[in-house]
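A.B. asks: Sharing a model that was predicted from the sequence below.
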Amino acid sequence: MITLSLATTRVISALMLREMSTMYGRSRGGYIWALAEPVLGIVLLSVIFSIGFRTPQLGTNFPMFYATGLIPFLTFNDVSTKVAQSINYSRQLLTYPCVTFVDAIVARFLLNFTTQLVIGFVVLVGITSVFETHTSMEAAPILLAIAMVSVLALGVGALNCFLLSYFPVWQRIYGIITRPLLLVSAVIFTLETVPQPYRDWLWFNPLVHVIGSLRAGFYNSYDAVYVSPIYVFSVSLGLILSGQLLLHRYHNDILEL
């Protein structure tokens, strides 16, 4: 058991190093561009909405408000997309008996989620250093948001890993379905400002709970009573289990496609 664990750890570490060198190491600006995406998005949203509104819906600082919505959204989007491509990315390596599809998924998840965590930390620290945000961090809801977005991204990515590999057309379908995701995830507004019955409909979007929990961790006056960790974790674990069962059943067929 110890030998197996050490072998698995070595395989996952090797896969992570491979991805670091190919995805972020091809150019000197690899990690800089990864950091630029949330920064530019926050700047754009702040400029646009500061023209029409004097203050954001929470607090007094536009960059902080949009950062607490955009960072978890981009984290979910990036990690779930990278995990979904795990088999396609490591297809040649999966022909070796020592490398499994689980190793490929875990390696991509760990590397990209850690990268997004560091980027989010840098952006938030940068905002609090430059602006007077009038926010104070509370660890519990922030850690809860991190836990929820991690399992959600892994779950969606794992299921899409099967769907994209077995049904290539699913990539286009998924892209169309999720195109309005930014607008329905409470990134640029709070859930309470949405009129009924649309508010109840948006509640079923797990990202709404993630973003609500993160904002509650930065804004002490914000009581995100609608956040349901049980709902998010249940949906996420269901997606993870479904993805793993389907990949276990069909991964040999996928490699032969």
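C.D. replies: Nice, thanks for sending it over.

A.B. asks: Kindly list the main-chain dihedrals of residue 131?
C.D. replies: phi -120, psi 160 (degrees, to the nearest 10).

A.B. asks: and it, what pLDDT?
C.D. replies: Here, the pLDDT recorded for residue 131 equals 86.

A.B. asks: Regarding residue 133, what is its secondary structure?
C.D. replies: coil (DSSP: H, G, I helix; E, B strand; the rest coil).

A.B. asks: repeat for the one 3 residues further on
C.D. replies: Residue 136 carries the three-state label coil when classified by three-state DSSP.

A.B. asks: Leaving out chain neighbours, which residue sits closest to it?
C.D. replies: Nearest in space to residue 136, with sequence neighbours left out and distances taken as CB to CB, 6 or more residues apart in numbering, is residue 220 at 6.0 Å. For every residue, glycine as well, the C-beta is placed using N, CA and C.

A.B. asks: doesn't residue 137 make contact with that neighbour?
C.D. replies: No - Residue 220 is beyond contact range of residue 137, at 9.5 Å (criterion: CB atoms under 8 Å).

A.B. asks: ok, back up a step: any idea how far residue 187 is from the residue nearest to residue 136?
C.D. replies: From residue 220 across to residue 187, the span is 21 Å (CB to CB, to the nearest Å).

A.B. asks: Same drill for these two, tell me which one is more crowded.
C.D. replies: Between residue 220 and residue 187, counted using other CB atoms under 10 Å, residue 187 has the larger neighbour count: 22 against 12.

A.B. asks: Find the nearest non-adjacent residue to that one, please.
C.D. replies: Counting by CB to CB, 6+ apart, the residue nearest residue 187 is residue 69, at 3.8 Å.

A.B. asks: next one: residue 68
C.D. replies: residue 215 is the one closest to residue 68 (CB to CB, 6+ apart), at 4.8 Å.

A.B. asks: Please name the residues that touch the one you found.
C.D. replies: Going by CB atoms under 8 Å, 6 or more residues apart in numbering, residue 215 touches 58, 65, 68, 69, 190, 222, 224.

A.B. asks: Would you tell me what helix or strand it is located in?
C.D. replies: helix 206-218 (DSSP states H and E).

A.B. asks: center of the protein - which residue?
C.D. replies: Closest to where the C-alpha atoms of the chain average out (CA atoms, centre = their mean) is residue 76, at 1.5 Å.

A.B. asks: give the contact list for that residue.
C.D. replies: 149, 152, 153, 156, 207, 210 are the contacts of residue 76 under CB under 8 Å, 6+ apart.

A.B. asks: so can I have JSON lines of those showing distance to residue 18?
C.D. replies: Output for these, formatted as JSON lines (distance: CB to CB, whole Å):
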{"residue": "149", "distance to residue 18": "25"}
{"residue": "152", "distance to residue 18": "26"}
{"residue": "153", "distance to residue 18": "21"}
{"residue": "156", "distance to residue 18": "23"}
{"residue": "207", "distance to residue 18": "30"}
{"residue": "210", "distance to residue 18": "30"}
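
A.B. asks: where exactly do the helices run in the protein?
C.D. replies: Using DSSP state H, the helices assigned to the chain run over residues 2-19, 30-52, 62-84, 86-89, 101-130, 139-166, 170-177, 198-203, 206-218, 229-256.

A.B. asks: Most tightly packed of those?
C.D. replies: Among the helices of the chain, ranked by average contacts under mean count of other CB atoms under 10 Å, first place goes to helix 206-218 (a mean of 26).

A.B. asks: so it versus helix 229-256, what angle?
C.D. replies: Interaxial angle, helix 206-218 versus helix 229-256 (axes from the mean of the first three to the mean of the last three CA atoms, to 10 degrees): 130 degrees.

A.B. asks: Helix 206-218 versus helix 101-130: what angle between them?
C.D. replies: Using the same axes, to 10 degrees: helix 206-218 against helix 101-130 is 40 degrees.

A.B. asks: Tell me both backbone torsions, phi and psi, for residue 58.
C.D. replies: phi -130, psi 140.
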